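Asker: Predicted model and sequence below, questions to follow.
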Amino acid sequence: MNTFGWKSVFSFTFVQTAKSKAFKVSSVIIITLVFAMALLAGVLPALIGSHATSDDGDVTVDGKSPVNTVYFSDTTGITSGKDYEGFLSGIGIKINDCGKDADIPSFTEKVKNESKSLLITIKENKSGYDIYASRPGDDSVSSGTANDFGEIIKSIFDSVRLSRAGLTDEQITAVDKTVSVYQSVAGEPTENDFGYVVKMVLPMLSSLVLFMLIFIYGQMVAQSIAQEKTSKVMELLLTSVRPLAVIIGKILAMGSLALIQFLMIIASGTLGIVVSTPLSSSIIGSSEETGAVTSQLMTEVGNALGGFSPIVIVLIIVVFIVGFIFFALIAGLIGATVSRMEDLNAAMQPMAIIGVLGFYLAYFPSSMGGEANTMALISYYLPISSPFSIPSALLTGAIDIPQALLAVLVLCVFAVLMALLVARVYEQVILHTGNRLKISDIIGLAKNK
Amino acid sequence: MALEVKEISKQYGSFTALHPLSFTLNEPGVYALLGTNGAGKTTAIRIILGMLSRNSGEVLWNGKALSPVTEKVGYLAEERGLYPKYKINEQLTYFAKLRGMQKADIEKSLKYWFARLELNGYEDKRAEQLSKGNQQKIQLVAALVADPELLILDEPLSGLDPVNADLFKSVINEQIEKKKYIIMSCHQMPVIEEFCKDITILHHGSAVLQGDLNEIKKGYGRVNLSVKCDGNVLPLAAECGLVPETITPDKLTFKIQSEEQAGKLLKLIIDSGMPLVHYELREPSLHEIFVENIEKADKEAGRSDGI
């Protein structure tokens, strides 16, 4: 098998394709889109958080409170204005304790007409306590600010109440600790709703990106070979190199460009996330709440990428390369069967159908959280789906390394078998002119060689 | 050096595209591969170039199997092909690199051929921006850039204007002077007669005539007589048993059985005192030989489609 000249084919195809408008434009669009999406994914929670905060108000803005006076009445008698004085005077707010038996309607009327004031009333109900925060009729105090004050009063009220019940400070701190709810399948990492969504989206995105890259560049291999054949350049090339060298050079060149674009996607996505952190800070200041939302997103992405390790990265790149070679060999063979460019789309249809089937076979199990099921197992070992399913399964930890290695090996075997078939018939197919060759013709050529 | 084509054949299922074909180029020069459309010329050329697998036979260059990938072989294909969107210089450099040439040699060679074929200024143009004739020149550069020992030219002059046709002919003459081995396929018989020493005429995949063109012509003898007189020569020709094949204002042409017939007519013209303007006795042209052999082959095979 003489493959002399494949390097020249590789470098020429690589340079000319990289110089082409189509590659430049598609790269810029992809990089921009991925960067923007990653940036939005990071900034959006901050924006939402920031928006929510400004809507809800705050107890202080730049160290100053929008409230000047708080009228306070604890009808339960558990706390008094003094219990809140420390906190409120610290932010420049005057507290006016109206007493346990205060005339609430008159104070309500007072606050209604007094700008930058607030009436806090604590009442006991059958099962516990209610805290009411009434604000002025003008817009000097927002509903959010009133709500935030209510939350702070609640926190102080709880502490005092527990303290008066005989609990120590340590016990109160222990009681104050928040309790979150998580669910999981036994033996698997826990996840909350946010994590579940991330875990659904990431495999879908990774499968989709791989599918698009492998298919678009596979199509480009077919197009390039069909163009050379139909424009008769192939005849000139074949005086210098064997057909197999042409297809090897082309597949490797297109594969390299696809890999470069794949890495560009990862790099621009990472850059988008990195840039989003300071950007979201600049949007919302140093709000711990919004920082927490962004950080939760990152944590959940990190959790979803539970199996991320150097060997996983290597395996993903290997799967991408071998998967691309498998599909590109088919595409190259299809490109060689047509004698007219207008026949190419029709000739590519069966491959497109097989590819879409493979993609959905890979996508459905992974979108269900990557849980091991029969469909997922099939998708790991079928060459039409494994290039799309193995990477997402590796990322989400749905497949372990030995199983992934076996799946990659199976994919390699199929790629080699495809290469042998192509090598067997390609030299005869490439010079064929006239009607498009059918699959049965190709099988016939392979048998009769 | 020598090129030996031995019994090469090609079969597609039950269809024989090329029956066993043999010929040899023992010395530098131009060998003509002629034939009707679909006669098997391109199939033979593709087998020689190793593009197409053969059912039998071998192609030897200096006694060893010819490998165009490793030997210096230049090919100008009948159906021209260039990358329409790529720059001329870049694609020619690519073709030269595929021939294993180094960058410095490529630049030197391209510089020479661009000047020789009057292509200066087209280096950075895209192929689609060039005229058909200039694209053909670029194809010739691609065939010659590596200075091949064996050159295969399939219809080198088709579609060229007379000026560029002369330019191509001068390049072919240069290659002959440089002792290159050339196989030429061409439908323009005068071009073949101008350049080629040996020929093969293919028809329906079989060689119907092969050999040294001069010897072939000699074998036919001088059978074409053309005469022009200031008077009616037809009665004198009839006296000699000659019937004119063509009558034009310029001359009459006859097919003669023997040179004695021609001599008798000449004597009659002189004796009649009719002024003789033109008298020529010559061998058949390649065109005539070609047509005759094709018709003969068809007749023998019981075919009626002919050429």
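Answerer: Cool, got the structure. Residues are numbered from 1 along each chain as shown, chains lettered A, B, ... in the order given.

Asker: of all of chain B, which residue lies closest to chain A?
Answerer: Across chain B, no residue is closer to chain A than residue B:81, which sits at 2.9 Å (C-beta to the nearest C-beta). No exception for glycine: its C-beta is placed from N, CA and C like everyone else's.

Asker: Isn't residue B:252 up against residue B:234?
Answerer: Yes - if you go by C-beta atoms under 8 Å, residue B:252 and residue B:234 touch, sitting 7.5 Å apart.

Asker: where do the contact lists of the two overlap?
Answerer: By C-beta atoms under 8 Å, 6 or more residues apart in numbering or on different chains, residue B:252 and residue B:234 have these common neighbours: residue B:244.

Asker: neighbour count winner among those two?
Answerer: More neighbours surround residue B:252 than the other of residue B:252 and residue B:234, with 19 against 14 (other C-beta atoms under 10 Å in any protein chain shown).

Asker: show me the residues around that one that make contact.
Answerer: Contacts of residue B:252 (C-beta under 8 Å, 6+ apart): B:226-228, B:233-234, B:237, B:244, B:246.

Asker: ChimeraX command to pick out the buried ones of those residues?
Answerer: Here is the ChimeraX command that selects the buried residues among these (16 or more other C-beta atoms under 10 Å in any protein chain shown):
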select /B:226,227,228,233,237,244
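
Asker: got the contacts of residue B:252 as JSON lines, with pLDDT columns?
Answerer: Output for the contacts of residue B:252, formatted as JSON lines (pLDDT from 0 to 100):
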{"residue": "B:226", "pLDDT": "92"}
{"residue": "B:227", "pLDDT": "93"}
{"residue": "B:228", "pLDDT": "93"}
{"residue": "B:233", "pLDDT": "90"}
{"residue": "B:234", "pLDDT": "91"}
{"residue": "B:237", "pLDDT": "91"}
{"residue": "B:244", "pLDDT": "90"}
{"residue": "B:246", "pLDDT": "89"}
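
Asker: Now, the contacts of residue B:252 that are in strands?
Answerer: Among those, the residues falling in strands (DSSP state E) are B:226-228, B:244, B:246.

Asker: With distance to chain A as extra columns, can I get these in a markdown table?
Answerer: Putting the ones in strands among the contacts of residue B:252 into a markdown table (distance: C-beta to the nearest C-beta, whole Å) gives the following:
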| residue | distance to chain A |
| --- | --- |
| B:226 | 42 |
| B:227 | 48 |
| B:228 | 47 |
| B:244 | 45 |
| B:246 | 40 |
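
Asker: Let me see the domain layout of the chain.
Answerer: No chain specified, so I'll use chain A. Using automatic domain parsing, the domain parsing of chain A gives A:6-50+A:196-448, A:69-176.

Asker: look at chain B instead
Answerer: B:3-217, B:222-282.

Asker: where does chain A dip in pLDDT?
Answerer: A:1-2, A:45-64, A:180-200, A:281, A:283-308, A:366-372, A:446, A:448-449 (pLDDT under 70).

Asker: Residue B:21 belongs to a helix, doesn't it?
Answerer: No - per DSSP: H, G, I helix; E, B strand; the rest coil, residue B:21 lies outside any helix segment and is strand.

Asker: count of residues packed around residue B:46?
Answerer: Here the number of neighbours of residue B:46 (other C-beta under 10 Å) works out to 24.

Asker: swap that for residue B:58, please
Answerer: A count of nearby residues for residue B:58, using other C-beta under 10 Å, gives 14.

Asker: Could you export the domains of chain A as TSV, including distance to residue B:52 and mean neighbour count?
Answerer: Putting the domains of chain A into TSV (distance: least, C-beta to C-beta, whole Å; neighbours: other C-beta atoms under 10 Å in any protein chain shown) gives the following:
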stretch	distance to residue B:52	mean neighbour count
domain A:6-50+A:196-448	6	19
domain A:69-176	81	16
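
Asker: Go through these and name the closest to chain B.
Answerer: Nearest of these to chain B, taken as C-beta to the nearest C-beta: domain A:6-50+A:196-448 at 2.9 Å.

Asker: and that closest one, does that touch chain B?
Answerer: Yes - shown here: domain A:6-50+A:196-448 in contact with chain B (C-beta under 8 Å from any C-beta of the partner chain) through A:8-9, A:12, A:16, A:20, A:227-228, A:231-242, A:427-428, A:431.

Asker: if we can go back for a sec, from residue A:151, how far out is the residue of chain B closest to chain A?
Answerer: 77 Å (C-beta to C-beta, to the nearest Å).

Asker: pLDDT wise, what is the residue nearest to residue B:3 when sequence neighbours are not counted at?
Answerer: Distance criterion C-beta to C-beta, 6 or more residues apart in numbering or on different chains; nearest residue to residue B:3, sequence neighbours excluded, is residue B:25 at 4.3 Å. Confidence at residue B:25, expressed as pLDDT, is 94.

Asker: Same question for the one 5 residues further on.
Answerer: Per-residue confidence (pLDDT) for residue B:30: 95.

Asker: quick one, phi/psi of it?
Answerer: Reported as degrees, to the nearest 10, the phi and psi values for residue B:30 are phi -110, psi 130.

Asker: my read: it touches residue B:193, true?
Answerer: No - the pair residue B:30 / residue B:193 is not scored as a contact, 10.8 Å apart, by C-beta under 8 Å.

Asker: So if I had to pick from the two, which one is more boxed in?
Answerer: residue B:30 (25 against 16).

Asker: which residues touch the more buried one?
Answerer: B:172, B:176, B:182-184, B:195-197.

Asker: if we can go back for a sec, could I get the domains of chain A as a markdown table with distance to residue B:292?
Answerer: Converted to a markdown table, the domains of chain A look like this (distance: least, C-beta to C-beta, whole Å):
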| stretch | distance to residue B:292 |
| --- | --- |
| domain A:6-50+A:196-448 | 31 |
| domain A:69-176 | 106 |
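
Asker: how many neighbours does residue B:103 have?
Answerer: Here the number of neighbours of residue B:103 (other C-beta under 10 Å) works out to 10.

Asker: Tell me which of the domains of chain A lies nearest to residue B:56.
Answerer: Of all the domains of chain A, domain A:6-50+A:196-448 sits nearest to residue B:56, with 15.6 Å by C-beta to C-beta.

Asker: Centre of the chain to that closest one, how far?
Answerer: Averaging C-alpha positions (C-alpha atoms, centre = their mean, to the nearest Å) puts domain A:6-50+A:196-448 17 Å from its chain's average.

Asker: who in chain B is up against chain A?
Answerer: B:46, B:49, B:51-53, B:68-70, B:73-75, B:77, B:79-86, B:90, B:94-95, B:97-99, B:139, B:142.

Asker: could you flag which of the residues you listed are buried?
Answerer: Buried among these (16+ other C-beta under 10 Å): B:46, B:49, B:51-52, B:68-69, B:73-75, B:77, B:80-83, B:86, B:90, B:94-95, B:97-99, B:139, B:142.

Asker: Where strands are concerned, which of the residues you listed count?
Answerer: Using DSSP E, these in strands are B:73-75.

Asker: Which one of the residues you listed is nearest to residue A:111?
Answerer: Residue A:111 lies nearest to residue B:75 out of those, by C-beta to C-beta, at 97.6 Å.

Asker: Name the nearest residue to that closest one, ignoring sequence neighbours.
Answerer: Nearest non-adjacent residue to residue B:75 (C-beta to C-beta, 6+ apart): residue A:239, at 4.3 Å.

Asker: and that neighbour, helix, strand or coil?
Answerer: coil.

Asker: Same question for residue B:153.
Answerer: Applying three-state DSSP: residue B:153 is strand.

Asker: quick one: it and residue B:77 touch, right?
Answerer: No - Residue B:153 is beyond contact range of residue B:77, at 9.4 Å (criterion: C-beta under 8 Å).
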